[in-house]
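Novice: Give me coordinates for this.
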Amino acid sequence: QVQLVESGGGLVQAGDSLRLSCILSGRTFSNYAMGWFRQAPGKERGFVAAINWSGSSTYYTDSVKGRFTISRDNAKNTVYLQMNKMKPEDTAVYYCAASTRSTMVPAMPALYTYWGQGTQVTVSS
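Specialist: Below you'll find the predicted structure:
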């Protein structure tokens with residue numbers, strides 16, 4: 001049984017930092033590219049960041065470039081999203097996902113096979 005479990009969400013103020021974690025179980029973690037997506041109320045789920053299987057390649061949506069960093073630790077089956085200089089518009093439920101396109105950094109949700117349950121991030125102004 002494959003499971004993705006996110007943690008680290010919470011309430012922060014604008015300008016603060018937060019680090020999300022996501023652990024994959026039930027599969028070989030290094031066989032997957034990993035991504036982070038987010039969904040704000042009334043909006044579609046959107047791409048945030050992705051990382052390939054080795055961590056050598058990353059990709060970000062424009063609105064988070066220079067503020068967010070995606071990384072992974074294959075020994076711990078964990079992908080991270082470090083979020084700095086946070087803004088109220090970063091408020092959303094954040095989801096991690098696993099893609100079999102392991103050498104790529106996919107931005108399309110349809111390219112991801114497994115999804116976590118989400119963790120709420122709220123940034124107050």
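Novice: make it CA atoms for all contacts and neighbour counts henceforth
Specialist: Noted.
Novice: so the most centrally placed residue in the chain, which of the three states?
Specialist: The structure's the chain has its C-alpha centroid closest to Trp36; by CA atoms, centre = their mean the separation is 2.3 Å. At Trp36, secondary structure determined by DSSP: H, G, I helix; E, B strand; the rest coil is strand.
Novice: ok, Ser57 touching Ile51?
Specialist: Yes. In this structure Ser57 lies within contact range of Ile51 using CA atoms under 8 Å: 5.7 Å.
Novice: Need the residues touching each of those two.
Specialist: Taking CA atoms under 8 Å, 6 or more residues apart in numbering as the contact rule, Ser57 and Ile51 both touch 104-105.
Novice: what's around Ser125, how many residues?
Specialist: Neighbourhood size, Ser125 [other CA atoms under 10 Å]: 11.
Novice: do the same with Pro41
Specialist: Counted with other CA under 10 Å, Pro41 comes out at 9.
Novice: for the protein, what spans make up the strands?
Specialist: 3-7, 10-13, 18-25, 33-39, 46-51, 58-60, 68-73, 78-83, 92-99, 114-115, 119-124 (DSSP state E).
Novice: Which of those sits closest to Pro106?
Specialist: Checking the strands of the chain against Pro106 by CA to CA gives strand 46-51 as the closest, at 6.4 Å.
Novice: just checking, the residue nearest to the centre of the chain touches Val48?
Specialist: Yes. In terms of CA under 8 Å, Trp36 counts as a neighbour of Val48; the distance is 5.4 Å.
Novice: rewinding a little: so which of Ser57 and Ile51 has more stuff around it?
Specialist: Counted by other CA under 10 Å, Ser57 and Ile51 do not tie: Ile51 has more neighbours, with 30 against 15.
Novice: coming back round to it: save the strands of the chain as a markdown table, and put in mean pLDDT and distance to Pro106 too.
Specialist: Supplementary listing: the strands of the chain in a markdown table, determined by pLDDT from 0 to 100; distance: least, CA to CA, whole Å:
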| stretch | mean pLDDT | distance to Pro106 |
| --- | --- | --- |
| strand 3-7 | 97 | 17 |
| strand 10-13 | 98 | 26 |
| strand 18-25 | 98 | 17 |
| strand 33-39 | 98 | 7 |
| strand 46-51 | 98 | 6 |
| strand 58-60 | 98 | 8 |
| strand 68-73 | 98 | 13 |
| strand 78-83 | 98 | 15 |
| strand 92-99 | 98 | 8 |
| strand 114-115 | 98 | 13 |
| strand 119-124 | 98 | 21 |
